[in-house]
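Student: Sequence plus predicted model, see below.
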Amino acid sequence: MANIASQKKRILRTERERVENRRLTSAIKTYFNRLEKAADEGDADSVKAEHRALVSRIDKAVQKGAIHRNNGARKKARAARLASGS
């Protein structure tokens, strides 16, 4: 454990940020699984809704810095490919 007060605060802040980033990335994985399940079932309306929700989650995670923008673009491309049925 650090002795310097500012470093103690930095450690606490880093942990808070890590937990938030994990929450955002975990949500992306969850929504991706929901999209895959909807695509397997073949229900076009639910695929469209799940794809929209997933893209929104990815955009928010990129905006907050939880994932890199290229990683977000790759995930969105993968989701679009899955949603289109190819």
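Tutor: Sure, I can see it.
Student: As a check, name the ranges of all helices in this structure.
Tutor: 5-41, 44-64, 69-84 (DSSP state H).
Student: Dump these into JSON lines; add mean pLDDT and mean neighbour count as well.
Tutor: Backbone N, C-alpha and C define where each C-beta goes, glycine included. Output for these, formatted as JSON lines (pLDDT from 0 to 100; neighbours: other Cβ atoms under 10 Å):
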{"stretch": "helix 5-41", "mean pLDDT": "96", "mean neighbour count": "13"}
{"stretch": "helix 44-64", "mean pLDDT": "96", "mean neighbour count": "16"}
{"stretch": "helix 69-84", "mean pLDDT": "96", "mean neighbour count": "15"}
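Student: Roughly how far does the residue positioned nearest the centre of the chain sit from Asp45?
Tutor: In the chain, the centroid-proximal residue (Cα atoms, centre = their mean) is Ile28; its distance is 3.0 Å. Noted for Ile28: a distance of 22 Å to Asp45, by Cβ to Cβ, to the nearest Å.
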